[in-house]
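Trainee: here you go, sequence then predicted model.
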Amino acid sequence: MKVGIIGATGYGGLELIRLLHNHQEVENIDLFTSSEEGIQFSNKYTHLMNIHDQPLLKIENDKLANYDVIFTSTPSGVSTELLPPLIGAGPKLIDLSGDFRLKDATEYVQWYKKTPAPPEAIAKSVYGLTEWNEEAIQQAQLIANPGCYPTAVLLSVLPLIKENLIDASGLVIDAKSGISGAGNKPNQMTHFSETNENTAIYKIHEHQHIPEIEQAISNFAGKTSPVTFTTHLVPMTRGIISTSYAPVTSGVTEQQLTNALEETYANHPFVRIIKETNKFGTNQVYGSNFCDIHVRLDPRTNRATIVSVIDNLVKGAAGQAIQNMNVQFGLDQMTGLQQVPLFI
Ligand SMILES: NC(=O)C1=CN([C@@H]2O[C@H](COP(=O)(O)OP(=O)(O)OC[C@H]3O[C@@H](n4cnc5c(N)ncnc54)[C@H](OP(=O)(O)O)[C@@H]3O)[C@@H](O)[C@H]2O)C=CC1
Ligand SMILES: CC(=O)N[C@@H](CCC(=O)OP(=O)(O)O)C(=O)O
């Protein structure tokens, strides 16, 4: 398989390179740049010396058509312009940004403050939450890879909402991310002196992943209601922990909540339901494509606490993108993605 990566110099791109170099069906990986054409990649990123020494290539549409798959791991607003001309051409297209996730273009404008993709392109895109949309992904040319937070949130709450075990209208989601979630371009929020020894809430009620989460709850679990979703930046490099709280339907037991999760993901090797634990954190999935989920019922309040962890750069970005590529090409979903978590 011949693969092209646009945005290769960024964090999502680097993670695609790391994972694709271990994918047995990938023979060739070319890296594209908008700013550093001709630079030998391993001179810029020396950890890739003797692994990826080729120069960075200029982005040219006629060249992109020759690949089997193109990944775009670029800031929002870039693939809205880059990808539509390739729709209907040869390559499968997997976009890691938010540009093709929201079906309602007015929502994209409202939350991303950018010009939306053309409506025909949005109509053709398929949301790449692999465990919930496999059939559509198999047929799709253009995949809108989910956001990092929505991946952690949706995998954990969708089964419980779909089975009417919790009340989606009372859902409160408290999520926390490592700093690599903000990409490799430093800004004041991600500056060491402002993140070290600090945990901060940000984008209160304004996070662009709110409409994405609500859209997916409606499409996959059939419930339309606004959710409360807050995000926090914590002083670690990778990882997301999402803790959701929701009232349970009268009479529902903790065992029923766990059973629903186990049944939903029985044939999905990347989602692990962890039972009977009091220790649950991001390091148990670090560097891997796993999403681990744990649920408890608080009998005092009759609310469920649903917690999940992912590595934002793997299951939250590059790993899920490759999982989707595997589905598109009819490969085993686990191909190239069997990394054991780096726990310590
Ligand atoms: N970081 C994360 O955990 C996650 C990120 N995402 C999304 O994935 C996308 C990539 O994220 P991330 O890797 O963190 O971002 P980075 O900022 O680390 O990297 C983005 C890359 O895009 C390239 N780029 C910038 N402008 C343009 C342009 N106009 N045309 C083409 N390429 C451009 C740059 O490379 P160059 O200058 O070489 O062209 C840059 O290295 C974003 O949309 C992000 O929201 C999604 C899930 C998780
Ligand atoms: C820690 C941190 O800043 N994370 C980013 C996640 C970016 C992302 O995945 O956003 P897209 O929807 O554009 O893909 C944020 O909260 O905005």
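Mentor: On my side now, so go ahead. Ligands and ions are numbered 1, 2, ... in the order given.
Trainee: ignoring the adjacent residues along the chain, who's closest to the residue in the stretch 1-150 of the chain that ligand 2 sits nearest to?
Mentor: Proximity to ligand 2, evaluated over the stretch 1-150 of the chain using Cβ to the nearest ligand atom, is greatest for Gly98 at 3.5 Å. Glycine gets a C-beta too; all of them are placed from N, C-alpha and C. Nearest residue to Gly98, sequence neighbours excluded (Cβ to Cβ, 6 or more residues apart in numbering): Ser76, at 5.0 Å.
Trainee: what's the neighbour count on the one you found?
Mentor: Ser76 has 17 neighbours, counted by other Cβ atoms under 10 Å.
Trainee: that's a strand at it, yeah?
Mentor: No - under DSSP: H, G, I helix; E, B strand; the rest coil, Ser76 sits outside any strand and is assigned coil.
Trainee: surely it touches Lys114?
Mentor: Yes - counting by Cβ atoms under 8 Å, Ser76 touches Lys114, with 5.8 Å between them.
Trainee: what is the distance between the helix or strand bottoming out on mean pLDDT in the chain and the centre of its chain?
Mentor: When the helices and strands of the chain are scored by mean pLDDT, DSSP states H and E, helix 61-64 comes last with a mean of 90. How far helix 61-64 lies from its chain's middle: 26 Å, per Cα atoms, centre = their mean, to the nearest Å.
Trainee: helices or strands up against it?
Mentor: On a contact count with 3 or more Cβ pairs under 8 Å, 6 or more residues apart in numbering; DSSP states H and E, helix 61-64 meets no helix or strand.
Trainee: make 872 the starting number, not 1.
Mentor: All set: I'll call the first residue 872, so the last point we hit is now helix 932-935.
Trainee: so Lys1047, which of the three states?
Mentor: Per three-state DSSP, Lys1047 ends up strand.
Trainee: and Val1098, what does it touch?
Mentor: 1039, 1042-1044, 1081, 1084-1085, 1088 (Cβ atoms under 8 Å, 6 or more residues apart in numbering).
Trainee: try it again with 7 Å
Mentor: Val1098 makes contacts with 1042, 1044, 1084-1085, as judged by Cβ atoms under 7 Å, 6 or more residues apart in numbering.
Trainee: how many residues are close by the closest residue to Lys995 other than its chain neighbours?
Mentor: Nearest non-adjacent residue to Lys995, counting by Cβ to Cβ, 6+ apart: Leu1013, 5.4 Å away. Neighbourhood size, Leu1013 [other Cβ under 10 Å]: 23.
Trainee: where does pLDDT dip in the chain?
Mentor: Counting by pLDDT under 70, the chain contains no low-confidence segment.
Trainee: pretty sure Ile1144 sits against Leu1132.
Mentor: Yes - Ile1144 lies in contact with Leu1132 (Cβ atoms under 7 Å); the separation is 4.7 Å.
Trainee: shared neighbours of those two, which are they?
Mentor: With contacts taken as Cβ under 7 Å, 6+ apart, Ile1144 and Leu1132 have Ile1164 as neighbours in common.
Trainee: the more surrounded of these two?
Mentor: Per other Cβ under 10 Å, whichever of Ile1144 and Leu1132 has more neighbours is Leu1132, with 27 against 20.
Trainee: which element is the more buried one on?
Mentor: helix 1125-1135 (DSSP states H and E).
Trainee: okay, now the sheet partners of the helix or strand following that helix, with direction.
Mentor: Following helix 1125-1135 in sequence order, the next helix or strand is strand 1142-1144 (DSSP H and E). Partners of strand 1142-1144 in the sheet, by DSSP bridges, are strand 1162-1169 (parallel).
Trainee: and the partner strand, does that touch ligand 1?
Mentor: No - using Cβ under 6 Å from any ligand atom, strand 1162-1169 stays clear of ligand 1, with a minimum separation of 13.5 Å.
Trainee: mind listing residues that contact that strand?
Mentor: Strand 1162-1169 is contacted from outside by 1022-1023, 1026-1027, 1119, 1124-1125, 1128-1129, 1132, 1141-1145, 1148, 1151, 1155-1156, 1175-1181, 1186, using Cβ under 7 Å, 6+ apart.
Trainee: could you turn the buried ones of these into a ChimeraX selection?
Mentor: The buried subset of these, as determined by 16 or more other Cβ atoms under 10 Å, is captured in ChimeraX by this line:
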select :1022,1023,1026,1027,1119,1128,1129,1132,1141,1142,1143,1144,1145,1155,1156,1175,1177,1178,1179,1180,1181,1186
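Trainee: quick one: residues contacting the residue in the chain positioned nearest to ligand 1.
Mentor: Nearest residue of the chain to ligand 1, counting by Cβ to the nearest ligand atom: Gly881, 1.8 Å away. When contacts are counted by Cβ under 7 Å, 6+ apart, Gly881 touches 944, 1054-1055.
Trainee: nearest residue to it other than its sequence neighbours?
Mentor: Spatial nearest neighbour of Gly881, excluding adjacent residues (Cβ to Cβ, 6+ apart): Asn1055 at 5.3 Å.
Trainee: could you check how far Leu919 is from Gly884?
Mentor: From Leu919 across to Gly884, the span is 12 Å (Cβ to Cβ, to the nearest Å).
Trainee: between those two, which has more neighbouring residues?
Mentor: Gly884 (24 against 19).
Trainee: can the helix or strand the more buried one falls within be found next to ligand 2?
Mentor: Assigned by DSSP H and E, Gly884 belongs to helix 882-891. No - Helix 882-891 stays clear of ligand 2 (Cβ under 6 Å from any ligand atom), getting no nearer than 8.6 Å.
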